[in-house]
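Enquirer: here is my input, please return the structure:
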Amino acid sequence: IDSNYIILDGNGHAITGNNAGNGVYFVGKTGITIKNLNVKRFSYGIRLQAFNNNNTLADNIVSDNDIYGIFLSLSSGNILTGNIASNNYIGVHITSSSNNNILTDNIVSNNNSDGIRLQASSNNIFTGNTVSSNKFYGILIASSASNNQIYKNNFINNSTQAFILEGYDNVFSLEVPIGG
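Expert: Sure thing, here's the model as predicted:
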């Protein structure tokens with residue numbers, strides 16, 4: 001995607017790769033909406049790589065990708081809602097100062113490693129997600145991830161439901177988010 005403020009509505013259609021490259025990829029974009037798209041068989045299903053802020057990923061299916069279903073790096077203020085990330089190596093990976101993102105009502109299941117991996121990122125909110133049957137961790141928090149709120153999610157039948165390898169001031173199981 002080469003411009004800001006673009007809506008890509010897949011209308012339920014699929015893009016299928018050959019287990020390499022990116023299904024959807026953008027750098028330095030604002031106001032992008034990716035919705036109703038089925039992305040499968042790439043290295044990265046949907047990849048927001050560096051300085052992608054205030055974008056929306058909604059109601060997408062990302063599956064059977066070799067590395068990541070959804071990947072955010074240096075990308076903040078994004079909303080991920082109603083997505084399904086399944087049968088990838090890692091379902092959703094948020095890393096490298098990807099701060100202030102909201103993940104709600106997603107299904108992250110049957111991934112070959114972690115359902116959600118959160119690294120070196122702060123002030124993200126995870127609520128209403130179902131994270132199930134992932135081979136290692138439902139959610140792995142590492143590399144000084146801090147001040148994240150994880151509440152009202154369902155972690156089911158993962159090898160380990162949640163694991164904090166390194167991080168601080170992350171809060172689980174709140175009735176409502178802090179500050180609102």
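Enquirer: wait, Ser133 touches Ser109, no?
Expert: Yes. Judged on Cβ atoms under 8 Å, Ser133 makes contact with Ser109 at a distance of 5.2 Å. Yep, even glycine has a C-beta here, placed from its N, CA and C like the rest.
Enquirer: quick one, which of the two is more surrounded?
Expert: Neighbours per residue (other Cβ atoms under 10 Å) separate Ser133 from Ser109, with Ser109 holding more: 21 against 15.
Enquirer: and that one, what's its pLDDT?
Expert: The pLDDT attached to Ser109 in the predicted structure is 98.
Enquirer: any stretches of this protein with poor pLDDT?
Expert: Residue ranges of the chain with pLDDT under 70: 174-180.
Enquirer: mind running it again at 90?
Expert: Applying pLDDT under 90 to the chain flags the ranges 1, 172-180.
Enquirer: geometric centre of it: which residue is closest?
Expert: By Cα atoms, centre = their mean, the chain has its centre lying nearest to Val92, at 3.5 Å.
Enquirer: now that one: which helix or strand?
Expert: strand 90-95 (DSSP states H and E).
Enquirer: strand partners of that strand, parallel vs antiparallel please.
Expert: Strand 90-95 pairs in its sheet with strand 68-73 (parallel), strand 116-119 (parallel), by DSSP bridges.
Enquirer: winner for burial among these?
Expert: Among the strands paired with strand 90-95, strand 68-73 has the highest mean neighbour count (mean count of other Cβ atoms under 10 Å), at a mean of 27.
Enquirer: could you export it as CSV, CA atoms only?
Expert: Taking C-alpha atoms only, strand 68-73 is exported to CSV below (Å, rounded to 0.1, in the frame of the first residue of the first chain):
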residue,chain,number,x,y,z
TYR,A,68,3.5,-14.3,11.4
GLY,A,69,-0.2,-13.9,10.8
ILE,A,70,-0.2,-10.3,11.8
PHE,A,71,3.0,-8.4,12.5
LEU,A,72,3.4,-4.9,13.9
SER,A,73,6.9,-3.3,14.4
